[in-house]
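Asker: coordinates for the following, if possible.
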Amino acid sequence: MDCSSIECDGDATSSEPSTFEVSLSSREQVLHYEDELFALQQSVPLGTKLEILHAVLRRSFPSISCITVVRYSERTRTLRSMEDSVGAERPLLHIQFPLDQCPALRELADKRIARVIQRSPEGALASGAHPAFGRAEYQSSYTLPLFQDSALAGYVFFSSHHASAFSADVVDRLQPYSQLVALTVSSHLAAADKLIGAVQAVRELAHLRDDETAAHQDRMGAYAWLIAAHLSDSHSLSTEFVDQLAMFAPLHDIGKIGIPDHILLKPGRLSPAEFDAMKTHTTLGGELVGRVACNFGGAGALHLAVLRNIVELHHEAMDGTGYPHGLSGAGIPIEARIVAAADVFDALTSRRPYKSAWSIDDAFTEIRRISGTRLDAACAAALTDNRRRIEEIKEEFGDG
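Answerer: As a prediction, this is how the structure comes out:
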């Protein structure tokens, strides 16, 4: 990153909020910290890697309070907070919003530049700062866009509770470290994306054989993220895990690729024998994930167990009456319980050849009725307690 080109939109000593932008280019390698860099190569969650990197950074930059990764989905054009480096104190996590709502961030990606924002002495925020920055009470922040294969993958935020923490000199010295953070995050995301891409390719083949719409897949991801974010504190769910739920929930029915056409494509209700055959899509899907992902290591391997649990166990029921294994209660992994609730709600409120779409009110009534028996009560409540967001998701992704 070459810091010789700095565009200033204000003076740090003035009464106006200050920003400056730094062109991204190649730079010398960051000073090696042997033990920490070795740990970064291990199969550990992204949050752990960010904690390691933050510890390294604070030796030279003690004013940096937090490193946060925000993931971008080109398909839904949304940004979603993914993970940070500060453990329990997570003011920027569980945030999701369309990129179009923050044009300043879009500009960073389009121009491939980094940016510093900071409060004025009067406490006002620089133009373009997302409201979450203000809620977190950060005084200054350095934002770096992330790219994979030339496409926007997200952003890294280096935030501080100190005003003017990111002077031009600090930014200049920070560049090699920020590049190490960016490379670490990109490598971690790439490993997971390879797994997702392989399974998604199979899912697209399955899509050619059934009537499941892309809108259904988008809604499943949004509902799963909503439920998981709602439960994150009470169930100690990491933000990387919450992000995984959004990515993996649309893949829950990949096992349907192994169901015969006369059953999968039947326009009406299935006979008992046909339904028994349909139920095998759970175990078929689990086996398929295992075969597709057998050669994935690193972060891909960390994601694999979550994906397989979703695919194979999303029809298990809390009272043990579900399938394929008759698991019950806490014996059902939380990721499967979350996707089960999302799947039931979306099935109720979507049109099918044999039924019309239920209203949200009627669906909520049914969700409450089966809460604690078929569905996890906390997952059910996460849906019914967030009606406004449910309505936004349905409006955004339609009823297809």
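
Asker: how near is residue 59 to residue 353?
Answerer: 62 Å (Cβ to Cβ, to the nearest Å). For every residue, glycine as well, the C-beta is placed using N, CA and C.

Asker: do a quick rundown of the strands in the stretch 1-150 of the chain.
Answerer: Counting by DSSP state E, counting those that start in this stretch, residue ranges of the strands within the stretch 1-150 of the chain are 6-8, 18-23, 66-73, 78-84, 96-98, 113-118, 140-148.

Asker: how about those in JSON lines, adding distance to residue 377?
Answerer: Below are the strands of the stretch 1-150 of the chain laid out as JSON lines (distance: least, Cβ to Cβ, whole Å):
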{"stretch": "strand 6-8", "distance to residue 377": "53"}
{"stretch": "strand 18-23", "distance to residue 377": "47"}
{"stretch": "strand 66-73", "distance to residue 377": "29"}
{"stretch": "strand 78-84", "distance to residue 377": "26"}
{"stretch": "strand 96-98", "distance to residue 377": "24"}
{"stretch": "strand 113-118", "distance to residue 377": "42"}
{"stretch": "strand 140-148", "distance to residue 377": "38"}
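
Asker: which stretch among those strands comes nearest residue 390?
Answerer: Smallest distance to residue 390 across these (Cβ to Cβ): 13.7 Å, for strand 96-98.

Asker: same question for that closest one, mean pLDDT?
Answerer: Averaged across strand 96-98, the pLDDT comes to 78.

Asker: stretch 183-193 too?
Answerer: Per-region confidence: stretch 183-193 scores 78 on mean pLDDT.

Asker: mind listing what's buried in it?
Answerer: 184-186, 188-193 (16 or more other Cβ atoms under 10 Å).

Asker: repeat for stretch 258-278
Answerer: 258-259, 263-264, 274, 277-278.

Asker: cool, and stretch 308-324?
Answerer: For stretch 308-324, by 16+ other Cβ under 10 Å, it's 308-318, 322, 324.

Asker: longest helix in this protein, by residue count?
Answerer: Identified as the longest helix of the chain according to DSSP state H is helix 168-207.

Asker: ok, then the element right after that one?
Answerer: Past helix 168-207, further along toward the C-terminus, the next helix or strand under DSSP states H and E is helix 214-231.

Asker: show me what that next one is packed up against.
Answerer: With contacts defined as 3 or more Cβ pairs under 8 Å, 6 or more residues apart in numbering; DSSP states H and E, the packing partners of helix 214-231 are helix 239-248, helix 334-348, helix 377-384, helix 387-397.

Asker: how's the chain carved up into domains?
Answerer: Listed by automatic domain parsing, the domain ranges of the chain are 6-188, 209-397.

Asker: to residue 197, which of those domains lies closest?
Answerer: Closest to residue 197 of these is domain 209-397 (Cβ to Cβ; 10.0 Å).

Asker: touching the helix or strand hosting residue 273 from outside, list them.
Answerer: Counting by DSSP H and E, the element that carries residue 273 is helix 272-279. Residues outside helix 272-279 that contact it (Cβ atoms under 8 Å, 6 or more residues apart in numbering) are 259-260, 263-264, 266, 270, 315, 323-324.

Asker: which one of those residues is nearest to residue 373?
Answerer: Closest to residue 373, out of all of these and judged by Cβ to Cβ, is residue 315, at 14.0 Å.

Asker: what about that closest one, which helix or strand?
Answerer: Per DSSP H and E: nothing holds residue 315, as it lies in no helix or strand.

Asker: can you tell me how far it sits from residue 273?
Answerer: From residue 315 to residue 273 the distance is 18 Å (Cβ to Cβ).

Asker: now residue 279
Answerer: Distance check for residue 279 against residue 273: by Cβ to Cβ, it reads 11 Å.

Asker: and if you look at residue 71?
Answerer: Separation of residue 71 from residue 273 (Cβ to Cβ): 43 Å.

Asker: which phi and psi does residue 321 have?
Answerer: The phi/psi pair for residue 321 (degrees, to the nearest 10) reads phi -90, psi 0.

Asker: surely it and residue 374 touch.
Answerer: Yes: counting by Cβ atoms under 8 Å, residue 321 does reach residue 374; the two are 7.4 Å apart.

Asker: got the helices and strands packed on helix 214-231 as CSV, with mean neighbour count, distance to residue 173 and mean pLDDT columns?
Answerer: Below are the helices and strands packed on helix 214-231 laid out as CSV (neighbours: other Cβ atoms under 10 Å; distance: least, Cβ to Cβ, whole Å; pLDDT from 0 to 100):
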stretch, mean neighbour count, distance to residue 173, mean pLDDT
helix 239-248, 24, 29, 83
helix 334-348, 24, 41, 97
helix 377-384, 21, 44, 98
helix 387-397, 15, 42, 91
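
Asker: could I get the ones you listed in JSON lines, plus columns for distance to residue 283?
Answerer: Shown next, in JSON lines, are the helices and strands packed on helix 214-231 (distance: least, Cβ to Cβ, whole Å):
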{"stretch": "helix 239-248", "distance to residue 283": "17"}
{"stretch": "helix 334-348", "distance to residue 283": "13"}
{"stretch": "helix 377-384", "distance to residue 283": "23"}
{"stretch": "helix 387-397", "distance to residue 283": "29"}
